[in-house]
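> just need the structure, nothing else, for what follows:
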Amino acid sequence: MDFDDIARRGLVLLGCGKMGSAMLAGWLSRGLPPEAVWVTDPNPSDWLTRQGVHLNEMPAAPPAVALVAVKPQMMRDALPVLEGYAGGETLFVSVAAGTPIRFFEDALGPGTPVVRAMPNTPAAVGRGVTAIVGNAVAGRAALDRAEVLLSAVGKVVRLDSEDQMDAVTAVSGSGPAYVFHMIEALAAAGEAEGLPPALAMELAKGTVAGAGALAEAAEEAPDQLRRNVTSPGGTTEAGLSVLMDEAAGLRPLLRRSVSAAARRSRELRDG
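Numbering: from 1, shown residues only. Take a look at the predicted model:
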């Protein structure tokens, strides 16, 4: 599926902060005409004002998609502007963290197709991973349409149920922060071994970025890639003996981290 139907019927973007701007830039670069986009944002950036989209006005006819990209705490005040499009003709896609599908069904009516999406911050550079799940009204075509839009900022995966969203939040939503902290920690360890701070950080950033790119591109699984660079009795094996400690290594540490994040996601969801 391409942008043809969306270009013909239009798209409304509610909120154009960092995530909304990243998505809009992706859509425009992939050929969605600016005149097919209506953006509502109370504080538009200079970049947004130069894109040629309709700004702070709404289409008369129901658009193909209304994408909600406001912060959860702003949702109740912002969403009413879209209520006129509820009822079935317009697909609602939400990238608001922690806002369940039932919130939109209560606000817009049970006959409104809703797709909930969880992108992560690498979407800002077109390398995000977004998980999506739809309500009972949103069929395969709605999920296809949402995937077309969200693939503009990276990969899209489909969940079996909304219950999986807390785990997704803990792994891919919060995951970039874990990786950023790993870069900090790796650089600090390099400094402790005598490297200048700037060089240690450059090495840490490049190593993590390069390893991630290799893991994504290689046919081998990550465990095999690890073995490929681990010589018996060598330096990597010595380092891994610490990281792979069953009681205090990286695996149990990340297990506790992801569990804590998922638990907090459920707490925020349930109020």
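> CA only for contacts and neighbour counts going forward, please
Noted.
> quickly run through the sheet partners of the longest strand anywhere in the chain, with directions.
Ordering each strand of the chain by length in residues (DSSP state E) puts strand 128-134 first. Partners of strand 128-134 in the sheet, by DSSP bridges, are strand 114-118 (antiparallel), strand 154-158 (parallel).
> now the first one - C-alpha only, PDB.
Extracted in PDB, the C-alpha atoms of strand 114-118 (Å, rounded to 0.1, in the frame of the first residue of the first chain):
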ATOM      1  CA  VAL A 114      -8.000   2.900  16.600                       C
ATOM      2  CA  VAL A 115      -4.400   1.700  16.300                       C
ATOM      3  CA  ARG A 116      -2.100   2.200  19.200                       C
ATOM      4  CA  ALA A 117       1.600   2.600  18.400                       C
ATOM      5  CA  MET A 118       4.800   2.600  20.500                       C
END
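> same list (the strands paired with strand 128-134) but as a markdown table, adding distance to residue 108 and mean pLDDT.
Formatted as a markdown table, the strands paired with strand 128-134 follow (distance: least, Cα to Cα, whole Å; pLDDT from 0 to 100):
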| stretch | distance to residue 108 | mean pLDDT |
| --- | --- | --- |
| strand 114-118 | 10 | 96 |
| strand 154-158 | 23 | 96 |
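> pick the most buried one from those.
The highest mean neighbour count among these, using mean count of other Cα atoms under 10 Å, belongs to strand 114-118: a mean of 28.
> contacts for that strand, please.
Contact partners of strand 114-118, identified using Cα atoms under 8 Å, 6 or more residues apart in numbering, comprise 91-97, 100-101, 104-105, 130-135, 137-138, 142-143, 146, 165, 168-169, 173.
> can you do 6 Å?
Outside strand 114-118, the residues within contact range by Cα atoms under 6 Å, 6 or more residues apart in numbering are 92-95, 130-135.
> and stretch 130-145, by the same measure?
113-119, 156-159.
> list the buried ones in it?
Across stretch 130-145, burial judged by 16 or more other Cα atoms under 10 Å covers 130-135, 138, 142-143, 145.
> cool, stretch 14-28 as well?
By 16+ other Cα under 10 Å, the buried positions in stretch 14-28 come out as 14-17, 19-27.
> any idea how far it is from the chain center?
12 Å (Cα atoms, centre = their mean, to the nearest Å).
> then stretch 140-151?
14 Å.
> same check on stretch 49-69?
On Cα atoms, centre = their mean, the centre of stretch 49-69 falls 21 Å from that of its chain.
> which strands or helices does the strand or helix carrying residue 185 pack on?
Using DSSP states H and E, residue 185 maps to helix 175-192. Helices and strands touching helix 175-192, by 3 or more Cα pairs under 6 Å, 6 or more residues apart in numbering; DSSP states H and E, are helix 197-217.
> buried residues in the helix it packs on, which are they?
Those buried within helix 197-217 under the rule 16+ other Cα under 10 Å are 200-201, 203-205, 208, 215.
> which residues does it contact?
In contact with helix 197-217 (Cα under 6 Å, 6+ apart) are residues 183, 186-187, 190-191.
> ok, residue 34 touching residue 53?
Yes - proximity of residue 34 to residue 53 meets the contact threshold set by Cα atoms under 6 Å, at 4.7 Å.
> thank you, goodbye.
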